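In: Predicted model, plus sequence, below.
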Amino acid sequence: MAWTEKDIPDLSGRTAVVTGANGGLGFQTALALAAAGAHVVMAARDPSKTADAEARLRERYPAASVEVVPLDLGDLSVVRAAAGAVLARHDVVDLLVDNAGVMAMPRGRTADGFETQLGVDHLGHWAFTAHLLPALLRAPAARVVTVTSVARFMGRPLDPADPHMERRYKAWASYARAKMANFHFGLGLQQEFDRAGVPAASLLAHPGLSDTDLQARSVREGGAGWAGAFFEAMTARSGMTPLEGARPQLRAATDPRARGGELYAPRFVSSGPPVRHPVLRRWDLQRRIDELWQVSERETGVPLTVG
C-alpha cells in the first residue's frame, strides 16, 4: 500500500519546526504533524497569512498544539531572532522541515545583500538550522528535512567566486542553483552528523509537480518568463495537490524506516506516492559540498559544525 500521512506514527511529546508553514506544502506538513500529536512551530514570514493558516489548522484540529514564530529567511537578523525564540521555549527540537522557498524571481537582494533565491532558499535555512542545532542535538533522534527539487538538474553548482551571480543572472538558473545547494546541504549535514557520531539524521525530499502558490507567485513577480506561465498552467491542470506534494517530506520526517542521507520523492518523479529515490552522486559531489560549506559560512558568518 502507498504511504500516506495516515502512516505517520504518534508524535505526542515531539516538537516540530516547519518553515513556510503558512501555505502550500508547509501548511500541509504542519497540519499532518499536528494531527499526529506533535507540537508544531509554524515559522513563516507574512503575519496575516500565518494567522489565517493557524486559524485553519486549529479549526481542523481544535486540540492541536501550535505556536507561531515570525521568520523572514531573507534577513539573517530575523532568522537569528526566530531561532532564539524557538530555543527560549524549547530545549529540544525533534523535527525541522526546511520547506520555505521562492522560485524564478527577478534579480533582487535580501536584507544582507545576498541574491534573493540563494539567500532565501539556502542561506537563510543554513543559518536557521545552525542556530537550532543545540536543540536538535538534545533530541533522542532528531531529523532535519531539506526540500530540494528536480530543478537542481537544470543549472550549475554554486560558484564560490561569484555566489550571487553578479556576472550573469538568470532567474531559472538561480533557482536551479539554489535547489542544488539544498541538495548538497542535506547530504553535507548528514556527513556532519556522522562525523560527530550523533543520532540526528538529515534527509532530503522533493515534491514533484505540485499545485501550490509557488508557481503563481513566480509569475506575479515577473521573473519566470514564458516558462513560468507554462508551469503554472501545467500544475493547475495536472499537478498534485499540496497534500500529495507534501507527502515526500512528511515521510522523510516521520517514517521510522527512513535513514539519514536518503531522498524521498514521488514515485514517478513529478507525481505518485512518496518513495525513497536513489541519491545520484557525481564524481565531484564532495568538492561541491565542501565549497558550499565554505561559501555559506563566509557569506552568513554562521558556522555549521556538529561537535
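Out: Nice, I can see it.

In: use CA for all of it now, contacts and neighbours both
Out: Will do.

In: where in the chain is pLDDT low?
Out: 211-238 (pLDDT under 70).

In: That one: strands as residue ranges?
Out: Applying DSSP state E to the chain gives strands spanning 15-19, 39-44, 65-70, 95-98, 143-147, 201-205, 263-266, 274-277.

In: Which of the ones you listed sits closest to His131?
Out: strand 95-98 (11.8 Å; CA to CA).

In: circling back to that earlier point, can I get the strands of the chain in a markdown table including mean neighbour count and distance to Val79?
Out: Formatted as a markdown table, the strands of the chain follow (neighbours: other CA atoms under 10 Å; distance: least, CA to CA, whole Å):
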| stretch | mean neighbour count | distance to Val79 |
| --- | --- | --- |
| strand 15-19 | 26 | 11 |
| strand 39-44 | 25 | 10 |
| strand 65-70 | 18 | 9 |
| strand 95-98 | 27 | 13 |
| strand 143-147 | 28 | 17 |
| strand 201-205 | 29 | 20 |
| strand 263-266 | 28 | 26 |
| strand 274-277 | 20 | 30 |
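
In: would TSV of those strands with distance to Met165 be doable?
Out: Listed next are these as TSV, based on distance: least, CA to CA, whole Å:
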stretch	distance to Met165
strand 15-19	25
strand 39-44	27
strand 65-70	29
strand 95-98	23
strand 143-147	22
strand 201-205	25
strand 263-266	28
strand 274-277	31
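
In: can you name the farthest residue from the center of this structure?
Out: Distance from the centre of the chain peaks at Arg167, with 27.5 Å (CA atoms, centre = their mean).

In: which residues touch Asn99?
Out: With contacts defined as CA atoms under 8 Å, 6 or more residues apart in numbering, Asn99 is in contact with Val18, Thr19, Gly20, Ala21, Leu25, Gly26, Val145, Thr146, Val147.

In: Would you agree the second one is in contact with Thr50?
Out: Right, Thr19. No: using CA atoms under 8 Å, Thr19 makes no contact with Thr50, being 11.1 Å away.
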